[in-house]
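Colleague: would you be able to build a 3D model of this:
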Amino acid sequence: MPKVKLQLAAKPLAEMLQIQAQNESEPKHVKIVVFDDQNRVLTVKSKTRFVLPGGRVEWDDDDDEAAARREVFETANITLGLVTLVTLVRIKDHNKQITKTMVFVGRMSGKEQAAPNQKQKHQFVSKEAFLVATGSRNDLVRTLVDAAFKALVSEEIREDHDQTILSGREKYNSQSLL
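Modeller: Numbers count the residues shown, from 1 in each chain. So this is what the prediction gives:
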């Protein structure tokens, strides 16, 4: 039996563990672009302006998508249907720390549920009004919102196509039984 040098295998493994530790030490956040049935964008009031909903991924979130769904429900009492990952953005904050933000897009499912004793801190606005409110100079936000809308529409078309194929198969199978 040939001898295997453990040092050769240990070095790449150590490097991989170090990289993984660095990635896990980066704070993870989520942002989500939520559209209603009229393709208006959900905005949440922060201290001085309206922004996209989002927040930090918490330890008890199942995954990043669950964190995005939770953030929308906590801030606006809205449940989501379809949710799709759009992109990952790494940004240095004011402390020069790199934060990783997963950007999702989602479609509101059903109607808003009015929360008792909660002030209206959110609203749906047209995509154009949101982009004007965030400032036309903010190309990152404009690009993210446009990409999110395209990803959502693409996913909805794919889902409708899959449902059409499925219903066609069911029809064919039920007719073949006669």
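Colleague: number of nearby residues for the residue lying closest to M108 once chain neighbours are set aside?
Modeller: Nearest residue to M108 in three dimensions, chain neighbours excluded: D36, at 4.8 Å (CB to CB, 6 or more residues apart in numbering). Any C-beta I mention is one placed from the backbone N, CA and C, and that applies to glycine too. For D36, the count of nearby residues is 14 (other CB atoms under 10 Å).
Colleague: equivalent analysis for the one 10 residues further on, please.
Modeller: Under the neighbour criterion other CB under 10 Å, S46 is assigned a count of 9.
Colleague: the strands in the protein, which residues?
Modeller: With strands called from DSSP state E, the chain shows them at 28-35, 41-45, 50-51, 54-56, 80-92, 98-108, 122-125.
Colleague: mean pLDDT for the ones you listed: which is lowest?
Modeller: The stretch with the lowest mean pLDDT among those is strand 50-51, at a mean of 82.
Colleague: that one pairs with which strands, parallel or anti?
Modeller: In the sheet, strand 50-51 lines up against strand 41-45 (antiparallel) (DSSP bridges).
Colleague: quick one: the residue nearest to D61 when sequence neighbours are not counted from V83, how far?
Modeller: Leaving out its chain neighbours, the residue that sits closest to D61 by CB to CB, 6+ apart is A67, at 4.1 Å. According to CB to CB, to the nearest Å, A67 stands 11 Å off from V83.
Colleague: what is the neighbour count of T84?
Modeller: Counted with other CB under 10 Å, T84 comes out at 16.
Colleague: and it, how close does it get to L42?
Modeller: T84 is 15 Å from L42, by CB to CB.
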